[in-house]
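Student: All I have is the shape, not the residue letters:
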């Protein structure tokens, strides 16, 4: 990377989130695009760039990322605090999964049990 504050972000969309035998998350089908993000980027700015790159509407989408040292854990990516945490987990690149929601929210924070992992 040219700038230490930048990192490459892989965006996974239109496929399925699966788990292998050791319960690590992997991606099946769909498409993958990449964008540069930077430390301190707001969630709104991230959404603008990601959705423009994928040419998708952000309505009805849920964003997740995988913890660097916990490849079996999907973490919510839904606000500025989550963006800061994403930046803490990764230095050079990150993996973000975009899921199309199929049901309404149950509370103020998203409850992943309310959604199918169909992207």
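Tutor: Arrived safely, thanks for sending. None of the values given here were measured: they were computed from a predicted structure.

Student: contacts and neighbour counts: CA atoms only from here.
Tutor: Will do.

Student: Give me the contacts around stretch 68-83.
Tutor: 19, 23-25, 40-44, 62-67, 86, 89-90, 110 (C-alpha atoms under 8 Å, 6 or more residues apart in numbering).

Student: Please point out which parts of it sit buried.
Tutor: In terms of neighbour count (16 or more other C-alpha atoms under 10 Å), stretch 68-83 has its buried residues at 68, 72, 74, 75, 76, 77, 78, 80, 82, 83.

Student: Quick check: of these, which lies closest to residue 94?
Tutor: Closest approach between those and residue 94, by C-alpha to C-alpha: residue 68, at 8.3 Å.

Student: Could you list the low-pLDDT ranges of this structure?
Tutor: 1-4, 102-119 (pLDDT under 70).

Student: Nearest residue to the middle of it?
Tutor: In the chain, the residue lying closest to the centroid (C-alpha atoms, centre = their mean) is residue 96, at 2.6 Å.

Student: Identify the spatial nearest neighbour of it, chain neighbours not counted.
Tutor: Using C-alpha to C-alpha, 6 or more residues apart in numbering and skipping residues adjacent in sequence, the residue nearest residue 96 is residue 65, 4.5 Å away.

Student: That'll do, ta.
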